[in-house]
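Q: kindly return the folded structure for what I paste below:
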Amino acid sequence: MTDPKWFGFDVNKLYMTIYPADLETKDLWISLGVDPSHIIPTEEGNFWEIGEGPCGPCTEIYFDRGETYGDFGPEAIRDDIENDRYIEIWNIVFSQYNAIPGKKRSEYPELPNKNIDTGCGLERVACVLQGAKTNYETDLFMPIIRKIETICGLDYTGQMAFKVIADHIRTVTFAIADGAVLSNEGRGYVLRRLLRRAVKYGRKIGIEHPFMSDLVDVVIDIMGDFYPHLEDRVDIIKKIVSLEEGKFLETIALGEKRFEAIASQSEGKRISGSDAFLLYDTFGFPYELTQEYAEEIGYTVDKFGFDKEMEKQKERARNARKDLQSMKSQNEEYLEFFAKSEFVGYETTKISTKIIKIFPDGIVLEKTPFYATSGGQVSDTGTIGNNDFSLSVTDVSKLPNGQFIHAFDTIFGTPSEGTEVYAAIDETRREEIARHHSATHLLFKALRDVLGDHVSQQGSQVSEESLRFDFNHYEMPTDEEILKVESIVRKMISESHKAHTDIVTVEEAVKKGAIAEFGEKYGDNVRMVNLYYTLDLCGGTHVKDIADIGNFAIKSIFSIGSGIYRIEALADKAVSRLPEAYANIDIELMNIKDRIAEILKSAKSEGLNIEYVEPVFPQLEGGYRDILAKREEFRLMQEKIKEMDKEYQRLLYDKKAIDIAPYLKLAKNNRVVAEIKGASIDQLKQLADNLSNNLENGFVMLASLIDADKIMFVAKSKNKNLHAGNLVKKAAQICGGNGGGRPDFAQAGGKDAEKLAEALDEVRKALL
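A: As a prediction, this is how the structure comes out:
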C-alpha cells in the first residue's frame, strides 16, 4: 500500500478500522507507522460472519481523498455515513472462530486451523490511483461509457443509466464467456434480468434499438489481455446478447403500452396482482420490471396478489400433469390391459368397430382410424357413436401396451363396453395435418442442403395450423439462408411426385439412407416414408403426392437454446395466416403513422410547412420475404418519423430563434454583452450559438429576466483568453447568485434584477 514500487500511498491518508477487542491488530498498525488517531474501532462492521462456520474480526483500510470530496471527518467511517471522501480499498478478515447458532459471539470456539482472508477492490484502487471521481470514471469503465455516449448521443455527466449499462454488460460478457446461459430460472434468470435491466436503462437515455452487443467488443478490449478466453468467444457472446436484447425489446414495447393502460385505470396508485400477472403471463413482462416501472411513477404492486395468481397457474399445471401421468406406464390399470387394438388409420378414415374397454380417461376401440399423438404429430379428432350415443373425440394417446385411448366430450347418450360403433376422423383436419407433416420432412431436407449435413432434428410439432421444427446449427441462419430454404421447399412441392410408404426392417431402412425421426423408438420393422426428395422413418400421416402440400411459408426462426434453433412454418391454406407473424410490426407501424399525423398537425398549428411522402415499401409475396419486407417497412418508417421530427424541430427552432442582426451591430472587437428582454433560456442558448458562429474568435454573454426575481446568464467563448465560466460567475455573483462552467460555454443564475445592468457593465469592463 505504501511502498513506492507499488501503490505508494501516503500513510497519513490511510485510516484503519478494527474490531474493538482486537488490540493486537491496533498495535501492529501502529508499529507500521499508522497514526493511532487513524485507527477507528467499530463494533458490528468489523466482524465477518455469515451464519454457521468460520468467522472472525476484520480490519479495513480506507483512503482519504481529501476535502474536495466532501466536508467529512473520520467519524464518517466510525458512524458508517455514506460519503465520497473516505473509500474502503482493502479488507482483512482473521478467520479464527467457528460461529455456532444459539451461542453468543464471545462463546464461539476457536478454529483448529486459523486463516487470513484478504483482498482489495480493483475498481476502488483504480479510482484512487487514477484520481477519478468514482469507480466508473476509471479506465475499467470509461471506454464502455464513451461508447454508450456515441450510441445515445448524450454526454456522460454521472447519470445512473451509463453506470448500470457499463457494469451489467461487463458481468454478462464474462458470464456468457464462462458458459452461463440466459434462462427463466435460477442463475440464468439472474443473468437475463441483468441484461434486461441494462436495456431498460438504455431506453432511459434514448436508445430504442439493440445496442448491448456493440459494447461487448469494448469490454474485451479492456479485459482481453488478462482474460484471453473472452476473445475466443466474442462471436457467441455477441450473438446471445443480441438475440436476448432483440426479444426483450419486442416484449418491452408491447408490455409498456399495456402497463400504461393498466396504470391509468388503477385505483390508489397500485397495480393489482392480477394485472401484474397478466403482464407477466400474456406480455412476457417479468414481475421485477413491472415493479420498477411502478416505482418510477410512484405506484406500488400487489406482490401477494401476483404470487397468488402464479400459484393458481402452477396448480393448473400440476393438475394437467396429473392427467398426463394417469396415461403413463405407472398406471396399474393400463399396465394390466392387454386386449388387442389395431390402428387402421393409414388405410381409412372411418370404420365400423367395437368398444372393448372404457377407462375413466377415455375409451379403447377394437380398431381405430384415429392417429394418436406421437412423433411430434398431434392426434386426430372426430366422432364415435351409434344410434344411442355420440362422442366428440378431443385427443388420442397411446397406452403402455400399444392400444389407443380416445378422450372425448359427450354429445348425447352413454357408451358401454362391447357396443358396435362407427368411428370417423375429421378428414379435412387430417389432410391439413398431413400437409404440415410432409412439409416438415421437406423442410428438414432443405435445411441440410443449405446449412450442411451436420444439421439434425432436435424436436418437432405438427398440427393442422402450423409446423414447428427444432434443429442444431453453429449459428443463427441468415435471412438469405432461410429464404433459400423456403425457396427449395416451394420448388419441391411445385411438381407432382407420389409419396410411397413401405414396411421394412431397420437394417434395410438404414442401407437405403432413411433418416430416423427424433425421439422415436423403433421395433424390428419400421415404416419408411419416401417423399421423392427425402427418405425417412416415420409413423405419421402424410400426403399422397407432395404437390398436395399446395403452399409453404416460413414465418419465424429463433434460438431456443445454445446452438438450437426453431423454425415455425405454414402449409397450404394456413399460409393465409402469415400476416399474424408480423401483427406486432403492423401495430408499431400504426403508432408511427399516428405520430406522423401528430407532427403534421402540430406543424400546421405553428404555421410550418412539412410534407409527408410515404417511402416505397417492398412488395408482399406471401412468404418469409414478407417478414423481412415488414421489418424493412418498419425501418423505413422509423427513418421517416425521425426525419420529419428533425425537420419539424428545425423549422420550429428557426421560427422561435431571435434575429441576430441587431445584436451583431452591438459587437465590439467581436464581443457581445447584452440583455435579451423576455427571452427563454432556450432562446438565449440559440442566440448565443448563432452570434458565436458569426464572430471570429468571439465572446458572447446574454442575460434575460425570466421572472421578477430570476435572471439567467449564458456565455459562449471561442477566445482562449476569455473564460466563459469565470465571467458568467462574476455576473451572477453581482446579482446575488452563482454559477459557472467550462471555458467555452457556461450558464448561471441571479436573483437581484436591479443589479443586472451593473453586472453586464462589469463584464464589459473585464473584456476591455
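
Q: mind giving me the domain split of the protein?
A: For the chain, automatic domain parsing gives the domain ranges 11-129, 153-265, 332-425, 582-656, 661-767.

Q: of those, which is nearest Gln313?
A: domain 153-265 (13.6 Å; CB to CB). No exception for glycine: its C-beta is placed from N, CA and C like everyone else's.

Q: and the closest one, end to end?
A: Length of domain 153-265, first residue to last, CA to CA, to the nearest Å: 35 Å.

Q: what do you get for stretch 180-194?
A: 13 Å.

Q: repeat for stretch 332-342
A: Terminal residues of stretch 332-342 are spaced 22 Å apart (CA to CA).

Q: what lies in contact with it?
A: For stretch 332-342, the external contacting residues (CB atoms under 8 Å, 6 or more residues apart in numbering) are 327, 329, 356-357, 359, 364-368, 399-404.

Q: one more pass at 7 Å, please.
A: Under the criterion CB atoms under 7 Å, 6 or more residues apart in numbering, residues 329, 356-357, 359, 364-368, 399-401, 403-404 lie in contact with stretch 332-342.

Q: next: stretch 1-18.
A: Stretch 1-18 has contacts (CB under 7 Å, 6+ apart) with 25-26, 29, 33-35, 38-42, 45-46, 59-64, 74, 77, 86, 129.

Q: out of these, which sit inside strands?
A: By the criterion of DSSP state E, membership of these in strands covers 39-41, 59-64, 86.

Q: which of those residues count as buried?
A: Applying 16 or more other CB atoms under 10 Å to the ones in strands among the contacts of stretch 1-18, the neighbour count classes 39-40, 59-64, 86 as buried.

Q: and the furthest pair within the residues you listed?
A: Going by CB to CB, the pair spanning those furthest: Thr59 and Asp64, at 16.6 Å.

Q: gap between stretch 664-678 and the chain center?
A: Per CA atoms, centre = their mean, to the nearest Å, the displacement of stretch 664-678 from the mean C-alpha position of its chain is 52 Å.

Q: count of neighbours near Cys566?
A: Not quite, residue 566 is Arg, not Cys. Using other CB atoms under 10 Å, Arg566 has 18 neighbouring residues.

Q: contact partners for it?
A: 468, 470, 557-558, 560.

Q: neighbour-wise, which of those residues leads?
A: Going by other CB under 10 Å, Ile557 tops the contacts of Arg566 with 20 neighbours.

Q: can you tell me the SS state at the nearest residue to that residue once chain neighbours are set aside?
A: Spatial nearest neighbour of Ile557, excluding adjacent residues (CB to CB, 6 or more residues apart in numbering): Ile567 at 4.9 Å. Using DSSP: H, G, I helix; E, B strand; the rest coil, the structure places Ile567 in strand.

Q: JSON lines for the domains of the chain, including mean pLDDT and distance to Gly540?
A: Shown next, in JSON lines, are these (pLDDT from 0 to 100; distance: least, CB to CB, whole Å):
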{"stretch": "domain 11-129", "mean pLDDT": "90", "distance to Gly540": "56"}
{"stretch": "domain 153-265", "mean pLDDT": "86", "distance to Gly540": "31"}
{"stretch": "domain 332-425", "mean pLDDT": "92", "distance to Gly540": "4"}
{"stretch": "domain 582-656", "mean pLDDT": "87", "distance to Gly540": "24"}
{"stretch": "domain 661-767", "mean pLDDT": "89", "distance to Gly540": "68"}
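
Q: mind putting these into CSV with distance to Asp479?
A: What follows is the domains of the chain, written out as CSV (distance: least, CB to CB, whole Å):
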stretch, distance to Asp479
domain 11-129, 41
domain 153-265, 14
domain 332-425, 26
domain 582-656, 6
domain 661-767, 44
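
Q: for His436, find the nearest of those.
A: His436 lies closest to domain 332-425 among those, at 8.6 Å (CB to CB).

Q: list the contacts of Ile676.
A: 658, 684, 687, 702, 704.

Q: tell me the spacing between it and Val714.
A: When distance is defined by CB to CB, to the nearest Å, Ile676 is 9 Å away from Val714.

Q: quick check: neighbours shared by the two?
A: 684, 702.

Q: might one say that Phe304 is in contact with Gly273?
A: Yes. If you go by CB atoms under 7 Å, Phe304 and Gly273 touch, sitting 6.5 Å apart.

Q: looking at these two, which is more packed in?
A: Gly273 (19 against 8).

Q: does the closest residue to that one other than its chain neighbours sit in a helix, a strand or a coil?
A: For Gly273, ignoring the flanking residues on the chain, the nearest one in space by CB to CB, 6+ apart is Gly305 at 1.8 Å. Assigned with three-state DSSP, Gly305 falls in the helix class.

Q: for Gly305, give me its contacts.
A: 272-274.
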